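**Student:** task: produce atomic coordinates for the following.
(2 chains)
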Amino acid sequence: AQKITQTQPGMFVQEKEAVTLDCTYDTSDPSYGLFWYKQPSSGEMIFLIYQGSYDQQNATEGRYSLNFQKARKSANLVISASQLGDSAMYFCAMSLDQTGANNLFFGTGTRLTVIP
Amino acid sequence: DAMVIQNPRYQVTQFGKPVTLSCSQTLNHNVMYWYQQKSSQAPKLLFHYYDKDFNNEADTPDNFQSRRPNTSFCFLDIRSPGLGDAAMYLCATSREWGTGGENEQFFGPGTRLTVL
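**Tutor:** Numbering: from 1, shown residues only, chains lettered A, B, ... in the order given. As a prediction, this is how the structure comes out:
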């Protein structure tokens, strides 16, 4: 069965510093997609970054980068130059081809707090 | 701006009193999803529509129903809400389904349901 694990319930980072949020996954499906979403207190889930299982290079989107280590089944999110507005819940999610749809399986999330 | 809209943002209902949550999208996406997110938990997929084809998750209670009268609108009906149904309900859309990054899910702001 597929599983997403985020082992850090909460993280703190100083403003302007970089932070890494951990995510490990488990699936026997060779084709999958990995997503990171940000959820501020307002509730909306905001897409940040995507990594496909066959992508050779790590994904980057502005200050966000995904450290994809396929052999270790990890997909950590790196946020560089943290800003106060980055304080939010962060969810790692996975979609699988075998489900026949774009069902997202979410981890339990990490609450990031950026300290001024 | 193209977006996913959910109304109302906050809904209060009484135990056992039917309630309907609505979602609309201007993205013209084929797939629409409903997630339930309880406090401090990850979102959990309830069901999704690909166009007019309805797909129920195996563990979604019968108490939850959905309608999609057209491409733009999707409704979540809770026939007899219980105290355990209090949660944030998130609507999402994707252009197609599949694990590719182009099929990222766009989320609405959510409806927070309180059951008295």
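**Student:** for the chain, which helix or strand comes out least confident on mean pLDDT?
**Tutor:** All of this is about chain A. strand A:104-106 (a mean of 86; mean pLDDT, DSSP states H and E).
**Student:** let's do chain B instead
**Tutor:** strand B:53-56 (a mean of 89).
**Student:** which strands or helices does that strand pack on?
**Tutor:** strand B:44-50 (3 or more Cβ pairs under 8 Å, 6 or more residues apart in numbering or on different chains; DSSP states H and E). Yep, even glycine has a C-beta here, placed from its N, CA and C like the rest.
**Student:** give me the buried positions along the strand it packs on.
**Tutor:** B:44-50 (16 or more other Cβ atoms under 10 Å in any protein chain shown).
**Student:** re the thing from before, partner strands of the least confident helix or strand of chain B, parallel or antiparallel?
**Tutor:** strand B:44-50 (antiparallel) (DSSP bridges).
**Student:** strands of chain B, start to end?
**Tutor:** B:4-7, B:10-13, B:19-25, B:31-37, B:44-50, B:53-56, B:64-67, B:73-78, B:87-94, B:106-107, B:111-115 (DSSP state E).
**Student:** just to revisit the earlier point, report the buried residues of the least confident helix or strand of chain B.
**Tutor:** residue B:55.
**Student:** any idea of the pLDDT on the closest residue to residue B:19 other than its chain neighbours?
**Tutor:** Counting by Cβ to Cβ, 6 or more residues apart in numbering or on different chains, the nearest residue to residue B:19 once its immediate chain neighbours are dropped is residue B:13, at 4.3 Å. Per-residue pLDDT puts residue B:13 at 94.
**Student:** wait, isn't residue B:13 in contact with residue B:112?
**Tutor:** No - at 11.7 Å, residue B:13 does not count as touching residue B:112 under the criterion of Cβ atoms under 8 Å.
**Student:** please list the residues of chain A that sit near chain B.
**Tutor:** A:31-33, A:35, A:37, A:42-47, A:50-53, A:59, A:91, A:95-97, A:100-104, A:106-109 (Cβ under 8 Å from any Cβ of the partner chain).
**Student:** give the ChimeraX command for selecting the buried subset of those residues.
**Tutor:** Restricted to buried positions by 16+ other Cβ under 10 Å, the ChimeraX selection for those reads:
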select /A:32,33,35,37,43,44,45,47,50,51,52,53,59,91,95,96,97,101,102,103,104,106,107,108,109
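**Student:** which of the residues of chain A next to chain B fall in strands?
**Tutor:** Per DSSP E, these map to strands at A:32-33, A:35, A:37, A:46-47, A:50-52, A:91, A:95-96, A:104, A:106.
**Student:** most widely separated two among those?
**Tutor:** Longest distance between any two of those is 22.3 Å, between A:46 and A:96; criterion Cβ to Cβ.
**Student:** so where's chain A shaky on pLDDT?
**Tutor:** A:1, A:97-102 (pLDDT under 70).
**Student:** give the contact list for residue 16.
**Tutor:** All of this is about chain A. A:81-83 (Cβ atoms under 8 Å, 6 or more residues apart in numbering or on different chains).
**Student:** other chain: chain B
**Tutor:** B:80-82.
**Student:** so residue B:20 makes contact with residue B:79?
**Tutor:** No - with contacts counted by Cβ under 8 Å, residue B:20 stays clear of residue B:79, the gap being 10.0 Å.
**Student:** quick one: buried residues of stretch A:17-34?
**Tutor:** Under 16+ other Cβ under 10 Å, the buried positions of stretch A:17-34 are A:19, A:21-25, A:27, A:32-34.
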